[in-house]
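**Q** Give me a model of this one.
(chains A, B, C, D and E)
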Amino acid sequence: MCGRYTIKKNPSDYLRQVFPGIQFDPAFKFQPNENVCPTLEEPVVLNANGVPFCTLLRWGLIPSWSREEKPGTGIINARSETVAEKPSFKASFRRKRCLVPVDGFYEWKKTGVGSKKIPYRFYRKSDPFLLLAGIWDEWERPMGILRTFAILTTAANASIADVHDRMPVILDKKQVDQWLARNEDTSQLSNFFDPEKLPALDREELDKVKSAV
DNA sequence: CCAGACGTTGTT
DNA sequence: GTCTGG
DNA sequence: CCAGACGTTGTT
DNA sequence: GTCTGG
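**A** Numbers count the residues shown, from 1 in each chain, chains lettered A, B, ... in the order given. You can find the predicted model right below:
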């Protein structure tokens, strides 16, 4: 799965290469973080009137129809296998897809010794960032609109399966335009979710994940 | 038809 | 063990 | 997702 | 909003 990640480097230049014409939210401020956790506001790229748009959204999806009170942390992951059908995700999957730039994500391997878990950081040496597939939504509060996102997951591929059985969906640069397209015909998108077509990842084993900034 | 739930993970 | 906050 | 807290009474 | 159970 994907419940923690890193964004140590500013993704702006990378995003400008991948998305010529990308616009940045004037409110966008990059905060490096080696331990991004749910509820933080983090950079995503979404489609704003046909233009790739980088802005900050809160991690933990709160669907637009959520009732008042206690949406809590929201939903941090959505299974790619069922995202097109689940009532909670269907509308966002059709109309509000996004990309989450990260430079690593964490998975914890259970050791069987007590409840000890060893953290691993996965990343790709050949590319400074990974672009994760996400969906977002907006929830109208009394005090303004809260925009949130969730990261899609799929089965682990061979490069991480010994650590954990799920991983985030990582999109190739050739796929990201189609992912962001304002196209409600999502029938082709499930081709992006095949774990064995996702990149092989490099890893580092850690003693501890540095606490959130 | 309306009312009520709507998720993932991991763990049991 | 289980919940909450980040 | 993990890390950290988790409670009451009475007395100072 | 949209699906499921009754």
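
**Q** burial of the residue lying closest to residue A:82 once chain neighbours are set aside, as a residue count?
**A** For residue A:82, the nearest residue in space outside its immediate sequence neighbours is residue A:89; the separation is 7.9 Å by C-beta to C-beta, 6 or more residues apart in numbering. No exception for glycine: its C-beta is placed from N, CA and C like everyone else's. The local packing count at residue A:89 equals 22, with neighbours defined by other C-beta atoms under 10 Å.

**Q** Could you report the separation of residue A:89 from DNA strand E?
**A** Taking C-beta to the nearest atom of the strand, to the nearest Å as the measure, residue A:89 and DNA strand E are separated by 9 Å.

**Q** Next up, the contacts around that residue.
**A** Residues touching residue A:89, when contacts are defined by C-beta atoms under 8 Å, 6 or more residues apart in numbering, comprise A:61, A:78, A:82, A:83, A:135, A:150.

**Q** List, one by one, the residues from chain A near DNA strand C.
**A** Applying the criterion C-beta under 7 Å from any atom of the strand, the portion of chain A that neighbours DNA strand C consists of A:4, A:37, A:38, A:39, A:40, A:73, A:212.

**Q** mind putting those in JSON lines, pLDDT included?
**A** Shown next, in JSON lines, are the residues of chain A next to DNA strand C (pLDDT from 0 to 100):
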{"residue": "A:4", "pLDDT": "97"}
{"residue": "A:37", "pLDDT": "95"}
{"residue": "A:38", "pLDDT": "94"}
{"residue": "A:39", "pLDDT": "93"}
{"residue": "A:40", "pLDDT": "95"}
{"residue": "A:73", "pLDDT": "81"}
{"residue": "A:212", "pLDDT": "58"}
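
**Q** Would you write a PyMOL line that selects the buried entries of those residues?
**A** Entered in PyMOL, the line below selects the buried ones among the residues of chain A next to DNA strand C, by 16 or more other C-beta atoms under 10 Å:
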select buried, chain A and resi 4+37+38+40
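
**Q** Check the residues of chain A next to DNA strand C and tell me the two furthest apart.
**A** Largest separation among these by C-beta to C-beta: A:73 and A:212, giving 14.2 Å.

**Q** how close does the spatially most central residue of chain A sit to residue A:115?
**A** For chain A, the residue lying nearest the average C-alpha position, counting by C-alpha atoms, centre = their mean, turns out to be residue A:151 (3.7 Å). When C-beta to C-beta, to the nearest Å is the yardstick, residue A:151 and residue A:115 sit 25 Å from each other.

**Q** again, but for residue A:15
**A** Relative to residue A:115, residue A:15 is positioned 39 Å away (C-beta to C-beta).

**Q** Those two: which has the busier surroundings?
**A** Taking residue A:15 and residue A:115 together and counting by other C-beta under 10 Å, residue A:15 has the greater number of neighbours (19 against 7).

**Q** Just confirm the more buried one is within a helix.
**A** Yes. With DSSP: H, G, I helix; E, B strand; the rest coil as the criterion, residue A:15 is part of a helix.

**Q** Quick check, it in contact with residue A:101.
**A** Yes. Taking contacts as C-beta atoms under 8 Å, residue A:15 lies within contact range of residue A:101: 6.4 Å.

**Q** Tell me the residues that contact both of these two, please.
**A** Between them, residue A:15 and residue A:101 share the neighbouring residues residue A:45, with contact defined by C-beta under 8 Å, 6+ apart.
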